[in-house]
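Asker: Dropping the sequence and predicted coords here.
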Amino acid sequence: MGEEESRAGRTSFSAVVVMACTAASRLFGYVRSALIALYFGASGDADALNAVYMIPNNLRKLFAEGAFASAFIPSLATAINEDRSLERSRELVRSLIGFLLVVLVPFVALSLAFPRAFVAVLLQFPDPHKADTAAQLMRWIFNYILLVSLSGLVQAALNTHGSFAVPALSPLLFTLATVLCLVFLHQRYSVLSQGVGVLAGGVLQLAFQVPALRRKGYRFLPSFRFRNPDFVRTIKLWVPYLVSASIVAVNQQIAQLFASWLENGSISAVNNSVLFFQIPIGIFTASIVTVLFPRMSRQVADGDTAALRGSVSYGIQSILVLLIPSSVLLALFGREIISALLQRGAFSSDNTLMTSRALTGYAVGLASMGLYTFLQRFFYSLKSFAVPLYSAGFVAAVDVAASLILIRTPLRVSGLAYANSISFTAGFILLLVLAFRRLGSLEALPILRSLGKALVGSIPMAAGLALFLRWKPDLWLHGGGLRSAALICVVAAAAVAMTLGAYVALRVPFVTELYRRRVRR
């Protein structure tokens, strides 16, 4: 039991390190979004910028932290486990660098030569000005896919070796570059200033991690010898994962297309609401997955089913206790938070209202998306081909069908968000059933206990926010002002503190493990 508590404590501590670094990066991401809202509002230029930025951001799920890392980490863990000299793992990393260059450099070259063709195929803006702006942005922003893919490869290698701080800090450099370019270049280059920032940030994000990789004994040099058995095994894993992740990426691009059919500002509303929705996903879910995915891959390589079962149970519990209160906060107080951070300059109260309605729709499915993402990585650790693929297709089909229905209702653009929540809830239930079958059992009682504590622990926050909103129902209309924004931020921080206090009183897992680790130190 002591060993299990020690392992859980180390896992919690590593996750908190990643969460802290990710939170700092997200903070600058907020600043970036606030500056875009201040300078460009929800105009056509903002729509073009947000839409173009989403293209490499979706593709990174195929070539960076998503499908590529999902295939690479289990293969690298196996190579390290079977060859402690690291010769196999070094050769695998070099081969994958070469592979990314061979695949992505031609696409980057085409985006530079024919940006309008990319825009016409992927976005289909009816407004000629939006299409022209998007084509100009494409030349700058699409390059990011190569840089972020190489950065994701380095991050996955470091994570597999148990190194989390440097990879978690590197996105902070990216967001800092985008913010600085907005501040100093927006008057001269308008939205193109963000293109410069994305390119510069991608270079910094990669360069920051390379020295840490070298300290692990790796060289950041490409190899084009693609007959390496570990490389072949990785690509065989990656292809079905690529198809699975492609379905999700295409589905998100379809959502952008649906939003482009709606009233002006709809794309910005979706992207801005996703920004807030992705904060708990990016900080909590991504941190838990970052720490547990390499561990589950090593446990599969070692054949330790009991430890694997414990890791899956721990991951589900942690995501529940972190995302349920996050969902409550965004659903009840999202409008006020958006107004505090974005409502100034060209970003009006109407823009806040449209964005907050979409955010509420996403918040409903927040925990489901987090759990779905984690369980997908569980199946990736098993080197499973079929389950992630079929589940992604199922989620995409439900999402498209629900979106086509809901955008024709008074929900309009927020219907896309509710469709997303419905589809991921269905996908999570499917993966949970399949995970039970694969593991035989999943320690259901601790999971249900954590679920109950998360729900009970969120009650004080929900009650406090409800009382505050009755006292200040119209505060969001002036949320962009300094005093109103400060009050909103204080209330949000107090709500989080109330939940944390309730969790301590309820002895919620994850929180108690961090306390035990601090006491032992």
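Answerer: Structure received.
Asker: which intervals of the stretch 101-250 of the chain have sub-threshold pLDDT?
Answerer: Counting by pLDDT under 70, the stretch 101-250 of the chain has low-confidence residues at 124, 245-246, 248-249.
Asker: Regarding Ile338, what is its secondary structure?
Answerer: For Ile338, the assignment made with DSSP: H, G, I helix; E, B strand; the rest coil gives helix.
Asker: and it, what does it touch?
Answerer: Going by Cβ atoms under 8 Å, 6 or more residues apart in numbering, Ile338 touches 272-273, 276, 352, 355-356, 359, 476, 479. C-beta here means a position set from N, CA and C on the backbone, and glycine is covered the same way.
Asker: let's see 10 Å
Answerer: Residues in contact with Ile338 (Cβ atoms under 10 Å, 6 or more residues apart in numbering) are 33, 37, 269, 272-273, 275-276, 330, 347, 351-356, 358-359, 476, 479-480, 488.
Asker: Give me the pLDDT value at it.
Answerer: pLDDT for Ile338: 88.
Asker: pLDDT weak spots in this structure?
Answerer: Using pLDDT under 70, the flagged stretches of the chain are 1-14, 42-44, 64-67, 124, 245-246, 248-249, 251-252, 264, 479-480, 510-521.
Asker: can you give me the strands for it?
Answerer: In chain order, the chain shows no strands, with DSSP state E as the criterion.
Asker: Tell me which residue lies nearest the centroid of it.
Answerer: Gly282 (4.3 Å; Cα atoms, centre = their mean).
Asker: Please name the residues that touch the nearest residue to Leu430 once chain neighbours are set aside.
Answerer: Of all residues not flanking Leu430 in the chain, Ser391 sits nearest, at 5.6 Å (Cβ to Cβ, 6 or more residues apart in numbering). If you count contacts by Cβ under 10 Å, 6+ apart, Ser391 has them with 244, 247, 372, 375-376, 379, 426-428, 430-431, 434.
Asker: mind running it again at 8 Å?
Answerer: 244, 372, 376, 427, 430-431, 434.
Asker: Name the member of those residues with the most neighbours.
Answerer: Highest neighbour count within the contacts of Ser391: Ser244, with 29 neighbours (other Cβ atoms under 10 Å).
Asker: Verify the stated contact: that one with Val395.
Answerer: No: if you go by Cβ atoms under 8 Å, Ser244 and Val395 don't touch, sitting 10.0 Å apart.
Asker: Tell me how far the closest residue to Ala156 other than its chain neighbours lies from Gln256.
Answerer: Of all residues not flanking Ala156 in the chain, Ala69 sits nearest, at 4.3 Å (Cβ to Cβ, 6+ apart). Here the criterion is Cβ to Cβ, to the nearest Å. By it, Ala69 lies 24 Å from Gln256.
Asker: These two: who's more crowded?
Answerer: Taking neighbours as other Cβ under 10 Å, Ala69 and Gln256 compare with Ala69 leading, 28 against 22.
Asker: Let me see the contact set for that one.
Answerer: 152-153, 155-156.
Asker: and the residue nearest to Pro171 when sequence neighbours are not counted, how many residues sit next to it?
Answerer: Among residues not flanking Pro171 along the chain, Ser25 sits closest, at 4.3 Å (Cβ to Cβ, 6+ apart). Burial measure for Ser25: 21 neighbouring residues, criterion other Cβ under 10 Å.
Asker: my guess is Ser25 contacts Leu172, does it?
Answerer: Yes: the pair Ser25 / Leu172 is scored as a contact, 4.4 Å apart, by Cβ under 8 Å.
Asker: what's the spacing between the nearest residue to Ala37 once chain neighbours are set aside and Phe224?
Answerer: Excluding the flanking residues, the one nearest Ala37 by Cβ to Cβ, 6+ apart is Phe347, at 3.8 Å. To Phe224, Phe347 is 48 Å away according to Cβ to Cβ.
Asker: what's the neighbour count on the nearest residue to Arg116 once chain neighbours are set aside?
Answerer: Nearest residue to Arg116 in three dimensions, chain neighbours excluded: Ala135, at 4.5 Å (Cβ to Cβ, 6+ apart). Neighbour count of Ala135, defined by other Cβ under 10 Å: 21.
Asker: Let me see the contact set for Ala135.
Answerer: Counted by Cβ under 8 Å, 6+ apart, Ala135 has contacts 115-116, 118-119.
Asker: quick check, nearest of those residues to Ser484?
Answerer: Closest to Ser484 out of these is Val119 (38.5 Å), distances taken as Cβ to Cβ.
Asker: residues touching the closest residue to the closest one other than its chain neighbours, list them.
Answerer: Excluding the flanking residues, the one nearest Val119 by Cβ to Cβ, 6+ apart is Ala134, at 4.6 Å. By Cβ under 8 Å, 6+ apart, the contact list for Ala134 reads 48, 51-52, 119, 123, 125.
Asker: Kindly report the same for Ser95.
Answerer: Counted by Cβ under 8 Å, 6+ apart, Ser95 has contacts 223-226, 228, 230-231.
Asker: which of those residues tops the neighbour count?
Answerer: In the contacts of Ser95, the most neighbours by other Cβ under 10 Å go to Phe231, 23 neighbours.
Asker: which one is that one nearest to, not counting chain neighbours?
Answerer: Ser95 (4.1 Å).
Asker: again with Asp45
Answerer: In space, Asp45 comes closest to Val191 once its chain neighbours are excluded; the distance is 4.8 Å by Cβ to Cβ, 6+ apart.
Asker: Check whether that neighbour really touches Phe40, as I assumed.
Answerer: Yes: at 6.3 Å, Val191 counts as touching Phe40 under the criterion of Cβ under 8 Å.
Asker: I'd like to know how many residues surround Ser260.
Answerer: A count of nearby residues for Ser260, using other Cβ under 10 Å, gives 18.
Asker: Run a quick neighbour tally on the nearest residue to it once chain neighbours are set aside.
Answerer: Ranked by Cβ to Cβ, 6+ apart and with sequence neighbours excluded, the top spatial neighbour of Ser260 is Ile267, at 6.0 Å. Ile267 has 28 neighbours, counted by other Cβ under 10 Å.
Asker: give the contact list for Ile267.
Answerer: Ile267 touches 47, 50-51, 256, 259-260, counting by Cβ under 8 Å, 6+ apart.
Asker: out of those, what pair is the most spread apart?
Answerer: Asn50 and Ser260 (10.9 Å).
Asker: Would you mind measuring from Leu59 to Leu122?
Answerer: 11 Å.
Asker: Which of these two has more residues huddled nearby?
Answerer: Comparing Leu59 with Leu122 by neighbour count (other Cβ under 10 Å), the higher total belongs to Leu59, at 22 against 17.
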